[in-house]
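> sequence first, predicted model second:
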Amino acid sequence: MSEADTAWIETALTSARPQAVGALLRYFRDLDTAEEAFQNACLRALKTWPQNGPPRDPAAWLIMVGRNVAIDEVRRTRRQQPLPEDDQAISDLDDAEGALAERLDGSHYRDDILRLMFICCHPQLPATQQIALALRIVSGLTVKQIARAFLVSEAAMEQRITRAKAKVAEAGTPFETPGAVERSERLAGVAAMIYLIFNEGYSASGDTAEIRKPLCEEAIRLARLLLRLFPSEPEIMGLTALILLQHARSAARFAGDGTLILLDDQDRSLWNGTMIAEGLALIDKAMRHRRSGPYQIQAAIAALHARASAPEETDWAQIDLLYGALEVVQPSPVVTLNRAVAVSKVRGPQAALDLIEPLAPKLANYFHFYGVRGAFLMQLGRNDEARIAFDRAIALANTSAEAAHIRMHLDRLIRDSQPKAKGA
């Protein structure tokens, strides 16, 4: 098989996977059976498509073939009777299954994909298991790839995915077409799962940033897929815009040595203009629906950063207002902490410090609280207090890049505290 054949087939199989696995799951009511049926159909596709050309509807073809192969396997196991050779059971030459596949009712695809994603974000599963299951079942990443992204062993990731599948089976999740209320609830859960996947990749730094970058890319692919299923949902537009605008800055977020580069210090020429344009168009479209939600508001904030060609052109007053709106729809001490950065730009560090001081009990073990607090104290010239805050931040750092960034502030405090030589 030529490289060209392999490329288009792999693209077709990846694109069709959510539809095919979702439909097979509806037929067999079992994740493992659905996944195995899809893999068998993929093997058949690798054998027949280069000879016969791609079917008009690859997903329908894969569903039909996967279902037939799985049913044959069940019969073989139950009756212990040999079946005809594969070439006779399912035609390779005439592609007879293609004609049947064309008659498949595609109206269920939309609900199948949503159901598949919803099962992966089952509320009884911890967030890490939700993400791992989605990457394995919906996206088709191998256990090795997922383990590498999460920086754990293959055995540990295999156990995590196995436990997640078992919990889903025990829960007895229904497979009927969801009603309007359920659809809304599932959509919110799926959106949250996609954002979790994105954040798993986006929060990486240093040596792990490149390893976990595919998680961001996969989240973007899933968000675009969800947007195709629900093209008029403004919050899904907002989610897709948000992760596009954030990921567009990835090339400028770290220095060559892995050091974190803050937004104001980034080389904006490295930002992905095509991705930004897509994100801006989506958030502008979402806002016209006049049904704002947390993803739209966060995307609007990211859009203001993206539209600024230089840090001094950032509309911090508008960002402050948007964070205020986000505090209303999604109150959180972390949201208030983020708003404080905008407040410091608009009304100064003292106003920002006053805003975050009441958050101390709730964010007592949060790295970013002490990093932001130390920065405000340093701007106010309260260096001793700033040093204490930075020391606490280093103790709570989650990555070497975070710790290195705080050490840079501490080094600056040390330099500023040293007496200058005469004549300097």
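Perfect, thanks for sending it.

> alpha carbons only for contacts and neighbour counts from here, please
Noted.

> contacting residues for residue 250?
If a contact means CA atoms under 8 Å, 6 or more residues apart in numbering, then residue 250 has residue 271 as its contacts.

> cool, and the one 5 residues further on?
Going by CA under 8 Å, 6+ apart, residue 255 touches residue 261.

> quick check: it vs residue 201, distance?
17 Å (CA to CA, to the nearest Å).

> and if you look at residue 11?
Residue 11 is 23 Å from residue 201, by CA to CA.

> quick one: secondary structure of residue 258?
Reduced to three states with DSSP: H, G, I helix; E, B strand; the rest coil, the structure at residue 258 is coil.

> what's the neighbour count on it?
Using other CA atoms under 10 Å, residue 258 is surrounded by 16 other residues.

> kindly report the same for residue 71.
14.

> what helix or strand is it on?
For residue 71, the element it lies in under DSSP states H and E is helix 58-79.

> buried residues in that helix?
Buried residues in helix 58-79, defined by neighbour count with 16 or more other CA atoms under 10 Å: 58-70, 72.

> and which of the residues you listed is nearest to residue 343?
Residue 343 has its nearest neighbour among these in residue 59, at 50.7 Å by CA to CA.

> how about the nearest residue to that closest one, chain neighbours excluded?
Sequence neighbours aside, residue 16 is the residue nearest to residue 59 in space, at 4.9 Å (criterion: CA to CA, 6 or more residues apart in numbering).

> so in this structure, which helix runs the longest?
Among all segments of the chain classified by DSSP state H, the helix with the greatest residue count is helix 3-28.

> and the helix or strand that it is followed by, which residues are buried?
Following helix 3-28 in sequence order, the next helix or strand is helix 31-52 (DSSP H and E). Of all the residues in helix 31-52, those buried under the rule 16+ other CA under 10 Å are 31, 33-42, 44-46, 48-50.

> would you map the helices across the stretch 151-300 of the chain?
Chain-ordered helices for the stretch 151-300 of the chain, with DSSP state H, counting those that start in this stretch as the definition, fall at 154-171, 180-202, 208-229, 234-247, 273-287, 294-307.

> can you lay out the ones you listed as TSV showing distance to residue 369 and mean pLDDT?
Converted to TSV, those look like this (distance: least, CA to CA, whole Å; pLDDT from 0 to 100):
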stretch	distance to residue 369	mean pLDDT
helix 154-171	31	88
helix 180-202	19	80
helix 208-229	23	82
helix 234-247	21	97
helix 273-287	29	97
helix 294-307	19	97
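
> relative to residue 117, which of those is closest?
For the helices of the stretch 151-300 of the chain, proximity to residue 117 was assessed by CA to CA; helix 180-202 is nearest, at 6.1 Å.

> touching, residue 371 and residue 406? I think so.
Yes. With contact defined as CA atoms under 8 Å, residue 371 and residue 406 form a contacting pair (7.0 Å).

> any residues in contact with both of the two?
Listed as contacting both residue 371 and residue 406 by CA under 8 Å, 6+ apart are 390, 393.

> picking up where we left off before, burial count for the residue nearest to residue 59?
So residue 16, with other CA under 10 Å, has 18 neighbours.

> if we can go back for a sec, could you tell me the angle between the helix holding residue 71 and helix 31-52?
For the pair helix 58-79 and helix 31-52, the angle between their directions (axes from the mean of the first three to the mean of the last three CA atoms, to 10 degrees) equals 120 degrees.

> can I get the CA coordinates of helix 58-79 in PDB?
Extracted C-alpha coordinates of helix 58-79, given in PDB (Å, rounded to 0.1, in the frame of the first residue of the first chain):
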ATOM      1  CA  PRO A  58     -17.100   5.700   5.200                       C
ATOM      2  CA  ALA A  59     -18.900   5.800   8.600                       C
ATOM      3  CA  ALA A  60     -21.900   3.800   7.300                       C
ATOM      4  CA  TRP A  61     -19.500   1.300   5.700                       C
ATOM      5  CA  LEU A  62     -17.600   0.900   9.000                       C
ATOM      6  CA  ILE A  63     -20.700   0.500  11.000                       C
ATOM      7  CA  MET A  64     -22.100  -2.200   8.700                       C
ATOM      8  CA  VAL A  65     -18.900  -4.100   8.500                       C
ATOM      9  CA  GLY A  66     -18.100  -3.800  12.200                       C
ATOM     10  CA  ARG A  67     -21.600  -4.900  13.100                       C
ATOM     11  CA  ASN A  68     -21.400  -7.900  10.800                       C
ATOM     12  CA  VAL A  69     -18.000  -9.100  12.000                       C
ATOM     13  CA  ALA A  70     -19.000  -8.700  15.600                       C
ATOM     14  CA  ILE A  71     -22.300 -10.600  15.100                       C
ATOM     15  CA  ASP A  72     -20.400 -13.400  13.300                       C
ATOM     16  CA  GLU A  73     -17.900 -13.600  16.200                       C
ATOM     17  CA  VAL A  74     -20.800 -13.900  18.700                       C
ATOM     18  CA  ARG A  75     -22.300 -16.700  16.600                       C
ATOM     19  CA  ARG A  76     -19.000 -18.400  16.300                       C
ATOM     20  CA  THR A  77     -18.500 -18.300  20.000                       C
ATOM     21  CA  ARG A  78     -22.000 -19.400  21.000                       C
ATOM     22  CA  ARG A  79     -22.400 -22.200  18.500                       C
END
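
> how much does that helix deviate in direction from helix 3-28?
Using the same axes, to 10 degrees: helix 58-79 against helix 3-28 is 60 degrees.

> how far away from the center of its chain is helix 58-79?
32 Å (CA atoms, centre = their mean, to the nearest Å).

> quick check: mean pLDDT across that helix?
This predicted structure assigns helix 58-79 an average pLDDT of 82.

> which strands or helices does it pack on?
Contacts defined by 3 or more CA pairs under 8 Å, 6 or more residues apart in numbering; DSSP states H and E place helix 58-79 against helix 3-28, helix 31-52, helix 96-102.
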